[in-house]
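*Asks:* Model the structure of this input:
(one chain, ligands or ions: 1)
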Amino acid sequence: MAQPDPVTVTGLSAGYPGRTVLHEVTARFPAASVTAIVGPNGSGKSTLLSTVAGVLSPTEGTVRLPSGTRPALVVQRSEVSDRLPITVRETVTMGRWAARGLIRRLSNKDRQVVADCLRQLGITELARRRLSTLSGGQRQRALVAQGLAQNSAVLLLDEPTAGLDLAAKEAITAALNTAAAAGATVVQVTHELTDAANADHCVLLSEGRVLDTGAPSAVLTEDALRTAWGLCTQPSSGRLHGK
Ligand SMILES: Nc1ncnc2c1ncn2[C@@H]1O[C@H](COP(=O)(O)OP(=O)(O)OP(=O)(O)O)[C@@H](O)[C@H]1O
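*Replies:* You can find the predicted model right below:
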């Protein structure tokens, strides 16, 4: 079977009014794989994800996606209002809008996908609860389930496991691995050393430029981390932090 096309960015510059954040970024995000984007605070990880998602337009360069793909983007939970008057099931069902449009009624397949995503993230019991009544970690699982429900060939997530307990982290990691095994291009921004080390591929950013890209074991060397973070890793905390 032919390998699905990867996502590629070439010579990408992007940023915000009066501020260029990404400078000539060239990177490849392989299909059927999980890629971790890592780098210090402010290095441009979220900006890169938003540009690949099409939320931000590049000022230079190109983003190439598999033809006809509309990426699914799971933003940081702090960017989503916790006051939305909708249930967990409705939140996840919104993920089907991309596939079915706003008008068409939910099909049995839509319902099945939503049920599967709720189950994968271990939140079936929370399905009737209002999003506003959930803990931060429970809400994060619902947002990841919404991203998965889009069944997109490209799934982009901004720090999906940040601040979660071990069970929630494991549920999300397993769900991302399952999506990749089914052929999706999964890209996650992460500060978690374990998530980065367990990814199939890694892109290390520093000051809006690609410092290195490749297998995590080759990219996340002590030297590279010292260069990027200016100090060293803190393996005991498992998080990638500078001083
Ligand atoms: N909406 C915005 N308007 C202006 N500048 C922004 C905006 N969002 C981010 N920036 C700036 O762009 C730079 C890169 O931010 P970005 O969020 O992409 O970094 P990051 O690597 O994801 O950081 P972190 O690890 O802290 O989440 C930062 O200097 C930030 O201040």
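*Asks:* Run the chain-centre distance for stretch 24-31.
*Replies:* 15 Å (CA atoms, centre = their mean, to the nearest Å).
*Asks:* would you put the C-alpha positions of that stretch in CSV?
*Replies:* Extracted in CSV, the C-alpha atoms of stretch 24-31 (Å, rounded to 0.1, in the frame of the first residue of the first chain):
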residue,chain,number,x,y,z
GLU,A,24,12.8,30.0,7.1
VAL,A,25,11.6,26.9,8.8
THR,A,26,11.9,23.8,6.7
ALA,A,27,10.6,20.5,8.2
ARG,A,28,8.9,17.3,7.4
PHE,A,29,6.1,15.6,9.4
PRO,A,30,5.9,12.0,8.3
ALA,A,31,2.6,10.3,7.8
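*Asks:* That one vs the ligand: in contact?
*Replies:* No. On the criterion CB under 6 Å from any ligand atom, stretch 24-31 is out of touch with the ligand, staying 11.4 Å away. Where you see a C-beta, it was placed from the backbone N, CA and C, and this is true even at glycine.
*Asks:* if we look at that stretch, which residues are touching it?
*Replies:* For stretch 24-31, contacts defined as CB atoms under 8 Å, 6 or more residues apart in numbering pick out 3-13, 35, 44, 48, 52, 60-61, 66, 153, 183-185, 187, 200-201, 203, 205, 208-210, 213.
*Asks:* switch to 7 Å and redo it
*Replies:* Contact partners of stretch 24-31, identified using CB atoms under 7 Å, 6 or more residues apart in numbering, comprise 3-13, 35, 48, 183, 185, 187, 201, 203, 209-210, 213.
*Asks:* Quick check: pLDDT value at the residue located most distally from the centre of the chain.
*Replies:* Distance from the C-alpha centroid of the chain, by CA atoms, centre = their mean, peaks at R105 (28.4 Å). Each residue has a pLDDT score; the one for R105 is 77.
*Asks:* my read is it is in a strand, agree?
*Replies:* No. Assigned with DSSP: H, G, I helix; E, B strand; the rest coil, R105 falls outside any strand and is coil.
*Asks:* quick one: which of the contacts of stretch 24-31 sit in helices?
*Replies:* Mapping those onto helices (DSSP state H) picks out L48.
*Asks:* Only whichever of the contacts of stretch 24-31 are buried, select them in ChimeraX.
*Replies:* Of the contacts of stretch 24-31, the buried ones go into a single ChimeraX selection, burial set by 16 or more other CB atoms under 10 Å:
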select :4,5,6,7,8,9,12,13,35,48,185,187,201,203,210,213
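*Asks:* quick one: which of the contacts of stretch 24-31 sit in strands?
*Replies:* 7-13, 35, 185, 187, 201, 203, 209-210, 213 (DSSP state E).
*Asks:* Okay, and the beta partners of the residue nearest the centre of the chain?
*Replies:* Geometric centre of the chain, nearest residue: L157, 1.4 Å, by CA atoms, centre = their mean. On the basis of DSSP bridges, L157 is bridged to V74, Q188.
*Asks:* so it touches G147, yeah?
*Replies:* Yes. Contact status for L157 versus G147: in contact at 6.4 Å, counting by CB atoms under 7 Å.
*Asks:* re the thing from before, from V186, how far out is the residue nearest to the centre of the chain?
*Replies:* According to CB to CB, to the nearest Å, L157 and V186 sit 8 Å apart.
*Asks:* how about stretch 207-220, does it reach the ligand?
*Replies:* No. Using CB under 6 Å from any ligand atom, stretch 207-220 never reaches the ligand; the gap is at least 7.1 Å.
*Asks:* which residues touch S46?
*Replies:* D158, V189.
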